[in-house]
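**Q** this one's structure only:
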């Protein structure tokens, strides 16, 4: 029975490899048939600036995430309120994990259109312990502070 499972996993790997090999052969055949123009079959925007701008979004995202993380561990009043809201003690390991999760989620919220950010952050902070007014106030403060920082 154990041997069958191993055989099945090898079969799946062989199938995936066969499919990748067939795709590579097709691409090579297209290259031989169409010359360098074969790229137009596979890439819609071959003449665009996609190669020059490759990674720009990743760099922007990384700097935004870094700034948010720095803010969350700072002594800023809004950051302190947020940490209190989360119920985390800055000395604990769990705090760093949850602050990192919050930072990632805030970065994601920041990619939304400006008019949707407050609602997204409010949903991120929502819990059963705090009133909706307190959460809205904290979300407003957070949006204002992040606007200044970013």
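**A** Cool, the structure landed. From a predicted model like this one, the values you see are computed outputs, not experimental measurements. Numbers count the residues shown, from 1 in each chain.

**Q** name the element the nearest residue to residue 81 once chain neighbours are set aside belongs to?
**A** Nearest residue to residue 81 in three dimensions, chain neighbours excluded: residue 138, at 5.8 Å (CB to CB, 6 or more residues apart in numbering). Any C-beta I mention is one placed from the backbone N, CA and C, and that applies to glycine too. For residue 138, the host element (DSSP states H and E) is helix 132-149.

**Q** Spatially central residue for the protein, please.
**A** The centre of the chain sits closest to residue 108, judged by CA atoms, centre = their mean, with a distance of 6.4 Å.

**Q** Excluding sequence neighbours, find me the nearest residue to that one.
**A** residue 120 (8.0 Å).

**Q** before we move on, the earlier item: tell me the pLDDT at the residue nearest to the centre of the chain?
**A** For residue 108, the model assigns a pLDDT of 89.

**Q** Show me the chain divided up by domain.
**A** 2-42, 56-149 (automatic domain parsing).

**Q** what helices or strands is the longest helix anywhere in the chain leaning on?
**A** Assignment by DSSP state H gives helix 2-34 as the longest helix of the chain. Applying 3 or more CB pairs under 8 Å, 6 or more residues apart in numbering; DSSP states H and E, we find helix 2-34 packed against helix 39-42.

**Q** Much appreciated, bye for now.
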